[in-house]
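[1] Pasted the sequence and its predicted model underneath.
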Amino acid sequence: MAVVLNVDGNSFRNPSISGFGGIFRRNDGGWLYGFVGNIGISTFNTCRVVSYVSWLESNLGKRV
């Protein structure tokens, strides 16, 4: 079974209220696990980086 990770982050304006999220899917499109977070006031680029870092911090050592 292949697993796909999609993550994204965005801010309302640049900089402004920002958030991020991600989802793990099976290769057939079925949902496995999702996560979301609020960054506060930030830029678009920071949102992208934080989305990956957040996933790494919360999921290292976990088996999906």
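    Nice, I can see it.
[2] hey, where'd the helices end up in the protein?
    44-59 (DSSP state H).
[3] For it, give me the ranges with low pLDDT.
    Counting by pLDDT under 70, the chain has low-confidence residues at 58-64.
[4] can you pull the contacts of Ser18?
    Going by Cβ atoms under 8 Å, 6 or more residues apart in numbering, Ser18 touches 9-12, 38-44, 46-47. Glycine gets a C-beta too; all of them are placed from N, C-alpha and C.
[5] now with 6 Å?
    11, 39, 42, 47 (Cβ atoms under 6 Å, 6 or more residues apart in numbering).
[6] could the residues you listed go into CSV alongside neighbour count?
    What follows is the contacts of Ser18, written out as CSV (neighbours: other Cβ atoms under 10 Å):
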residue, neighbour count
Ser11, 20
Ile39, 19
Ser42, 21
Cys47, 22
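[7] Can you name the residues bridging to the spatially closest residue to Ser51 that is not a sequence neighbour?
    Of all residues not flanking Ser51 in the chain, Phe20 sits nearest, at 3.7 Å (Cβ to Cβ, 6 or more residues apart in numbering). Beta-bridge pairing for Phe20 (DSSP bridges): Gly9, Gly37.
[8] Phe20: how many residues sit nearby?
    A count of neighbours around Phe20, defined by other Cβ atoms under 10 Å, yields 25.
[9] close enough to count as contact, it and Cys47?
    Yes: using Cβ atoms under 6 Å, Phe20 is in contact with Cys47, at 5.4 Å.
[10] between the two, what contacts are shared?
    In terms of Cβ under 6 Å, 6+ apart, Phe20 and Cys47 are both contacted by the residues Gly9.
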